[in-house]
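In: Predicted model and sequence below, questions to follow.
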Amino acid sequence: MRGYLVKPKLADGKLPGVLVVHENRGLNPYVEDVVRRLGKAGYVAFGPDALWPLGGYPGTDDEGRVMQRELDRGLIVKDFIAGAKYFAAHEACNGNIGVVGFCFGGWMSNRLAVHLPDLIKAAVPYYGGQPTAEETANIKAAVQLHYGGLDERVNAGWPDYEEALKANDVEYEAYFYEGANHGFHNDTTPRFDEDAAELAWQRTLDFFAKHLERS
């Protein structure tokens with residue numbers, strides 16, 4: 001699976017890896033920047049592009065949305081599972097894998113935690129759709145969740161997800177950002193909320209530092 005990979009230049013030996021999953025528009029410059037931020041934070045980071053079977057991100061988000069709607073979600077999940085396995089075996093990665101994703105990528109972060117319980121150590125979905133209670137029973141990763149306080153559609157699924165996380169003794173943290181909307185982390189759109197984005201990102205880095213071993 002094609003994508004964008006960043007490894008810290010001064011790294012000596014293998015490092016933990018973080019998979020970065022884009023929104024519903026392909027691997028755009030915003031998500032590539034998130035990949036670079038994780039590289040600067042000391043991780044091998046990989047941003048796969050769901051649009052690679054169609055030639056990759058087309059250059060604009062509007063075109064990317066149209067292209068992604070043409071793809072079967074089940075096949076996209078299979079591609080990302082394969083991409084995560086490839087990434088875990090990369091020569092620069094020590095096999096300790098986290099995942100962070102936004103919108104569609106938040107949904108995918110939850111999916112990867114469900115489908116790869118022995119691989120994903122930490123999952124950080126931002127405003128992503130939730131798995132079912134039956135699916136949640138498969139999760140072994142620690143989970144940190146970020147939601148915009150105004151995002152009623154996605155937030156409606158949180159109570160059932162929290163109940164399932166508790167029932168299965170999954171370690172989790174959940175944060176709601178008052179006044180922030182769906183997509184608040186994306187600094188290229190009008191919905192960007194700088195305060196919420198900065199706080200959520202620091203929490204994300206702290207969470208990965210806690211759960212992704214560097215040995």
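Out: Yep, that arrived. Given the structure is predicted, the values throughout are model-derived calculations rather than measurements.

In: Tell me the buried residues in the lengthiest strand in the chain?
Out: In the chain, assigned by DSSP state E, the strand with the most residues is strand 93-102. Going by neighbour count (16 or more other C-beta atoms under 10 Å), the buried part of strand 93-102 is 93-94, 96-102. (Glycine included, C-beta is placed from N, CA and C.)

In: Could you do stretch 30-50 as well?
Out: Going through stretch 30-50 with 16+ other C-beta under 10 Å, the ones that come out buried are 30-32, 34-35, 37-39, 42-50.

In: Now for the buried residues of strand 93-102: which two are most distant?
Out: Every pair in the buried residues of strand 93-102 was compared (C-beta to C-beta); the two farthest apart turn out to be 94 and 102, at 25.0 Å.

In: Checking my notes, residue 5 in a strand, right?
Out: Yes - assignment of residue 5 by DSSP: H, G, I helix; E, B strand; the rest coil places it within a strand.

In: if I pick it, what's in contact with it?
Out: With contacts defined as C-beta atoms under 8 Å, 6 or more residues apart in numbering, residue 5 is in contact with 35, 44-47, 90.

In: again with residue 180
Out: Applying C-beta under 8 Å, 6+ apart, we find residue 180 in contact with 148-151, 193, 196.

In: How about the secondary structure of it?
Out: Here residue 180 is recorded as coil under three-state DSSP.

In: That one and residue 170: what is the separation?
Out: As defined by C-beta to C-beta, to the nearest Å, residue 180 lies at a distance of 25 Å from residue 170.

In: Would you mind giving the contacts of residue 5 as TSV with pLDDT and distance to residue 109 added?
Out: Listed next are the contacts of residue 5 as TSV, based on pLDDT from 0 to 100; distance: C-beta to C-beta, whole Å:
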residue	pLDDT	distance to residue 109
35	98	15
44	96	17
45	97	14
46	97	14
47	97	13
90	93	19
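
In: Just the ones in strands from those residues, please.
Out: Assignment to strands by DSSP E places the following of those there: 44-47.

In: Greatest separation within those residues: which pair is it?
Out: When C-beta to C-beta is used, the two most widely separated members of those are 44 and 47, lying 11.6 Å apart.

In: picking that back up, could you point out which element follows the longest strand of the chain?
Out: Scanning the chain past strand 93-102 towards its C-terminal end, the next helix or strand to appear is helix 104-115 (assignment: DSSP states H and E).

In: tell me the average confidence for that next one?
Out: Per-residue pLDDT values over helix 104-115 give a mean of 98.

In: Could you tell me the angle between that helix and strand 44-48?
Out: Here the directions of helix 104-115 and strand 44-48 differ by 110 degrees (axes from the mean of the first three to the mean of the last three C-alpha atoms, to 10 degrees).

In: contacts for helix 104-115?
Out: Residues outside helix 104-115 that contact it (C-beta under 8 Å, 6+ apart) are 19-24, 31, 68, 76-77, 80-81, 84, 99-101, 120, 123-131, 135-136, 138-141, 143.
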